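> this one's structure only:
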């Protein structure tokens with residue numbers, strides 16, 4: 001299954017006094033894109049949570065390359081870098097409407113129950129794990 005990039009238009013309230021998108025918003029954009037990515041795979045967050053799976057963030061890394069401003073459109077591509085069954089590493093590439101890379105980022109998440117117990121999706125949810133493994137691309141971006 002091919003996924004399409006998530007598109008986010010920069011809102012006025014997301015900018016700072018200098019008219020540039022505040023850096024903290026990029027983490028939100030990553031979350032929006034990640035939720036959309038899983039939904040496209042047929043594993044939206046409501047479905048995962050109904051199975052008792054949550055995936056808290058354990059690590060974030062952003063490289064800001066070119067600022068964005070109000071009205072800019074970001075096309076955010078999500079790639080699965082690695083999935084061990086306990087953890088997943090995702091890469092994000094954010095490109096503006098002119099085709100310029102504005103931000104690249106990585107996030108890492110673990111899989112746990114709502115009570116915080118580690119979940120081995122490779123063993124406990126093999127259909128979900130297989131879907132993610134099919135999207136793993138360790139050489140992209």
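Yes, it's here. What you are looking at is a predicted structure, and each value in this text was computed from that prediction instead of being measured.
> which residue ranges form the helices in the chain?
Taking DSSP state H, the helices of the chain run over residues 25-40, 45-50, 121-124, 126-135.
> Dump the ones you listed to JSON lines, plus mean neighbour count, distance to residue 74 and mean pLDDT.
(C-beta placed from N, C-alpha, C; glycine too.) Converted to JSON lines, those look like this (neighbours: other CB atoms under 10 Å; distance: least, CB to CB, whole Å; pLDDT from 0 to 100):
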{"stretch": "helix 25-40", "mean neighbour count": "18", "distance to residue 74": "6", "mean pLDDT": "97"}
{"stretch": "helix 45-50", "mean neighbour count": "13", "distance to residue 74": "21", "mean pLDDT": "94"}
{"stretch": "helix 121-124", "mean neighbour count": "17", "distance to residue 74": "29", "mean pLDDT": "95"}
{"stretch": "helix 126-135", "mean neighbour count": "16", "distance to residue 74": "21", "mean pLDDT": "93"}
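> Out of those, which gets nearest to residue 13?
Nearest of these to residue 13, taken as CB to CB: helix 25-40 at 9.3 Å.
> any idea how far the closest one is from the chain center?
Mean C-alpha position of helix 25-40 versus that of the full chain (CA atoms, centre = their mean, to the nearest Å) differs by 4 Å.
> quick revisit: of the helices of the chain, give the one that comes closest to residue 86.
helix 121-124 (7.7 Å).
> Just give the number of residues close to residue 82.
15 (other CB atoms under 10 Å).
> cool, residue 115 as well?
Residue 115: 7 surrounding residues under other CB under 10 Å.
> Repeat that for the one 3 residues further on.
The criterion is other CB under 10 Å. On that basis, residue 118 has 12 neighbouring residues.
> got a list of what the residue nearest in space to the middle of the chain touches?
Centroid check for the chain by CA atoms, centre = their mean gives residue 34 as the closest residue, at 3.1 Å. Each residue near residue 34 by CB atoms under 8 Å, 6 or more residues apart in numbering is listed here: 78, 90, 107.
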